[in-house]
Each structure stands twice: as C-alpha cells, then as structure tokens.
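[1] would you be able to build a 3D model of this:
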Amino acid sequence: MSDAFATILGQPQVRDFLRSTVKSDHLTHAYLFVGPAGSNKTQAAHAFAQAIVCPKGASGPRGGACGDCDNCSRVRKKTHPDVHYCEPEGVGGYLVEQVREIMADVSLSPIQASRKVYIIDRADLLNRSAANAFLKTLEEPPEDVVLILLGRTRDSVLSTIASRCQVVPFRHIPPTEAAGIVSQNTGASIEQSRMAMEATSGSISNAIAFLNARGNERMFFRGELLSMLSRIDSMSDWQVLIEARGIIEKSKAPLDSLRAQQEEELARNQDFLAKSAIRKIEERNKRRLTAETSACLKQALSIVSSWLRDIAMLRAGTPELVINGDALASMQALAPYADIVRISAALRQVDEAKESLDYNVSPETCFDVALFKVREVFDGAGSTS
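    From the prediction side, this is the model:
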C-alpha cells in the first residue's frame, strides 16, 4: 500500500493538514494552495486529488489513498477521467471561453469516481473577466466537486476568488534542504540532486522524476546538451540550427511512452464509456501532451541557463558555486572568453524563450534565437564562420 501524501515532500504541515482533512471527511468545496515556485504545490494537489477519489480515502489508516485501486493508479498516471488539471491557455492568462468550458464540465456527473477534482494552476492568472465566469461555480459547486486552485501568493489571486477558498500556505524550501530531500528519495548524490533541481527549475518532485527516469534517459540527455554547449563557440550558423533541432527532438523523447500509455488507456475504455466521455478523455490527453511537451522543452532551456550561470561563476572566480561539476573542465576552457554582459543578455533570452513556449511560439524559433545568443557570449573564442 502506497501513501499518496508521502509525496508531499518538504511540507510536513501541509501533509498533516490534508491527511486529517480526508481522514475526518471534512472536505470543503474549494482550496487555494499558495507558495513560491518549487514548493511542491502541484504534487500536493495531485496527492490530495488521489485521496479524494479513492473509495478508501477516508477509511484508510493514514487518512489517504489506498494506493492499490484503479482510481489511485489512474490519478498517479494522470489518466483519471474525474481529475482535471487546468492551466492558462491565453497569452495573458485564462480565457473566458476556457473557464466557461471548465464550468460546463463541472456540471456533469463523475465518470468513474464518486467525486470530481479540478486542479486550477496559476489561479493568479484568472483576470476579472475569467474570474467573474468562475465565481458562480466557486460559490455553489455541485456537492461531488472539489476545486484546488494554485497560486504564488494569496494577494496575487483576486480577492473575490481567494475569499471563497480555504487557503493552504506552502513554505519556501531552501535549496540545500531541497537537494537533500531529492537525494534521500532517489539515492543520488547531493551534487546530482542539485543538478536535477537546476534542470527542473527548482521543483523537488520534478527533480526526483528527472533522476528516476527510465534508463537514466534525462541525465543522459543533460550530458549530451552540456557536451553540445561546450562546442558552441566554434559552431557555424548552420550547425547551431542543426543542434537546436536535435535538442528539440531529444527533449521530447519521454513523450513516446506517454503517448503509448494514453493509447492503451483509450483502448481499455472504448467498450464501456460513451462517445462523449471518450472525446473528453481524448481532449484531456491532447492537453496533457501539449503541457508535457512544453515542460520537456523548458527543462532543456533550464539546463542551458544553469550552464550559463556556471560560466558566470567561473568568470567571477567563484568555482565553488558551480552546479554542473561534471562539466567543469569544458566550462573552465571556455570561461576566459566569456563576456559577463553577454552572459546576462543570453540568460534573459533563454528566459524569454521559456515564456514564448507558453504563447505557442514554435520551439524551433525559441531555441534558434536562444542558442545564437549563447554563442555570442564567446565571440572571439573560436571560429563562427
């Protein structure tokens, strides 16, 4: 029997609160999880959702999901038809039409479990128009619906939204503590854990998944990417373009297993679910693939950012602050040619590339521009003909 709440790492108070909430069956209709990026809010929301839809959640000895039933299995795999993860689809946040679609779905009965759970990420991006469309459901949702909103701070979420939710605060987890948690849960060294944290923008759960990936494929990909960066100073324009395409293809490799998993899930459901339910599952699968694709590409860009910061640390004479220690020799060879001002410009460009991915800008364009900017850091180090 697995304990879903055990995955809420670094947040003991949150874990105890959610466990007691399920154990006592004192669920409210809406929760607002607030905390900085990397505080494990999303993982906590999925663990909470698993306990809510598990038929043995409240009766379990630890007040959590049983971990063995089909409901638990599907939530873990993110394929449960009654657990919905939503994120902004508009350039500036949630679209009114998107929120209305969510609300229309809320009114439908659960497909498999006795309750439905909606995880609304970046609730701070619910603007007034979208929030107004959301308020009625937030005030009077169906009895079998639980809404979990995620935001950075309570003040960043519209007061009309926050005041209708039970707020659950998440603490900031210091980097050293976070690396220790990752190490304890993977068996990796502290150094490897720090590398994984950098690659996943400080997310503990994502860092653990990074290190536990099948066949160590994510660490292998990271090594290939760092090797490419060590040669970027001498690449021609054409070579930069080819490398950008290669990064995009390799970063998407984990999605093959996700697609296969989704196809298998659909095949199992074809015989006993209505066509409308199948369409909803297909739509959910498509959204998840899009989100996972973006996450994989951002992971690659985070590795580039980490490498650039290490170059800056070497340039500043502080090698003890380097994160990617396994690439130290190649970085030391390049650091004397690096320009600090251009490193800053390249870091800004990589950050802009991450943001552009959220706005459906083509990955090719994002990576092309970012890598050309990275190459500029070392103008004069090698031939760029």
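[2] secondary structure element holding the residue nearest the centre of the chain?
    The chain has residue 295 as the residue nearest its centroid, 6.1 Å off, counting by CA atoms, centre = their mean. If you go by DSSP states H and E, residue 295 is part of helix 275-315.
[3] same check on residue 74?
    helix 70-76.
[4] please apply the same query to residue 372.
    helix 363-376.
[5] and that helix, what does it pack onto?
    Under the contact definition 3 or more CB pairs under 8 Å, 6 or more residues apart in numbering; DSSP states H and E, helix 363-376 sits against helix 237-251, helix 275-315, helix 340-358. Glycine gets a C-beta too; all of them are placed from N, C-alpha and C.
[6] biggest strand in the protein by residues?
    strand 145-151 (DSSP state E).
[7] which strands or helices does that one pack on?
    Where contact means 3+ CB pairs under 8 Å, 6+ apart, strand 145-151 is packed against strand 30-34, helix 41-53, strand 116-120.
[8] list the contacts of the very next helix or strand once past that strand.
    Heading C-terminal from strand 145-151, the first helix or strand you meet, by DSSP H and E, is helix 159-162. Helix 159-162 is contacted from outside by 32, 123, 126, 131, 134-135, 138, 149, 154, using CB atoms under 8 Å, 6 or more residues apart in numbering.
[9] ok, of those, which one's closest to residue 52?
    residue 149 (14.8 Å; CB to CB).
[10] for residue 285, list the residues it contacts.
    Counted by CB under 8 Å, 6+ apart, residue 285 has contacts 79, 262, 265-266.
[11] before we move on, what about residue 83?
    Neighbours of residue 83 in contact, by CB under 8 Å, 6+ apart: 46, 49-50, 53, 74-75, 116-117, 119.
[12] let's have those residues in JSON lines, adding pLDDT and neighbour count.
    As requested, the contacts of residue 83 are exported to JSON lines (pLDDT from 0 to 100; neighbours: other CB atoms under 10 Å):
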{"residue": "46", "pLDDT": "94", "neighbour count": "23"}
{"residue": "49", "pLDDT": "95", "neighbour count": "28"}
{"residue": "50", "pLDDT": "94", "neighbour count": "29"}
{"residue": "53", "pLDDT": "94", "neighbour count": "26"}
{"residue": "74", "pLDDT": "88", "neighbour count": "19"}
{"residue": "75", "pLDDT": "91", "neighbour count": "25"}
{"residue": "116", "pLDDT": "96", "neighbour count": "26"}
{"residue": "117", "pLDDT": "97", "neighbour count": "25"}
{"residue": "119", "pLDDT": "96", "neighbour count": "23"}
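[13] residue 318: which of these is nearest?
    The nearest member of the contacts of residue 83 to residue 318, counting by CB to CB, is residue 46 at 38.1 Å.
[14] can you tell me the closest non-neighbouring residue to that closest one?
    residue 75 (6.5 Å; CB to CB, 6 or more residues apart in numbering).
[15] hang on, the one you found packs against residue 52?
    No - using CB atoms under 8 Å, residue 75 is not in contact with residue 52, being 9.1 Å away.
[16] picking up where we left off before, nearest spatial neighbour of the residue nearest to the centre of the chain, skipping sequence neighbours?
    Distances taken as CB to CB, 6+ apart put residue 206 closest to residue 295, at 7.9 Å, once the chain neighbours are dropped.
[17] from what I can see residue 10 touches residue 179, true?
    No - contact criterion CB under 8 Å: residue 10 and residue 179 do not qualify, at 10.9 Å.
[18] how about the secondary structure of residue 26?
    coil (DSSP: H, G, I helix; E, B strand; the rest coil).
[19] so where is the stretch 201-350 of the chain shaky, pLDDT-wise?
    215, 254, 271-273 (pLDDT under 70).
[20] go again using 80 as the cut-off
    Low-confidence segments of the stretch 201-350 of the chain (pLDDT under 80): 214-215, 253-262, 264-291.
[21] spatially nearest residue to residue 169, not counting backbone neighbours?
    Closest to residue 169 by CB to CB, 6+ apart is residue 34, at 5.6 Å.
[22] list the contacts for the one you found?
    41, 150-154, 157, 167-170.
[23] pLDDT value on it, please?
    According to the prediction, residue 34 has pLDDT 97.
[24] so what sits opposite it in the bridge?
    residue 151, residue 169 (DSSP bridges).
[25] picking that back up, next up, the contacts around the residue nearest to residue 295.
    By CB under 8 Å, 6+ apart, the neighbours of residue 206 are 200, 295, 299.
[26] among these, which one lies nearest to residue 145?
    Using CB to CB, these come closest to residue 145 at residue 295, 26.7 Å.
[27] gap between the closest one and residue 210?
    Distance of residue 295 to residue 210, given as CB to CB, to the nearest Å: 11 Å.
[28] shared neighbours, those two?
    Joint contacts of residue 295 and residue 210 (CB under 8 Å, 6+ apart) do not exist.
[29] OK, contacts around the closest residue to residue 353 other than its chain neighbours?
    Nearest residue to residue 353 in three dimensions, chain neighbours excluded: residue 366, at 4.0 Å (CB to CB, 6+ apart). Taking CB under 8 Å, 6+ apart, we find residue 366 in contact with 297, 301, 353, 356-357.
[30] and the gap between the residue nearest to residue 295 and residue 147?
    Per CB to CB, residue 206 is found 24 Å from residue 147.
[31] could you do residue 168 as well?
    13 Å.
[32] shared neighbours, those two?
    In contact with both residue 168 and residue 147: residue 31, using CB under 8 Å, 6+ apart.
[33] what's the end-to-end length of stretch 114-131?
    27 Å (CA to CA, to the nearest Å).
[34] okay, buried residues for it please.
    For stretch 114-131, burial by neighbour count (16 or more other CB atoms under 10 Å) applies to 115-127, 130-131.
[35] which two among the residues you listed are spaced furthest apart?
    Most distant of the buried residues of stretch 114-131, by CB to CB, are 115 and 127, 28.4 Å apart.
[36] what count of nearby residues applies to the closest residue to residue 258 other than its chain neighbours?
    With sequence-adjacent residues excluded and distances taken as CB to CB, 6+ apart, residue 258 is closest to residue 292, at 6.1 Å. Other residues near residue 292 come to 16 when the count uses other CB atoms under 10 Å.
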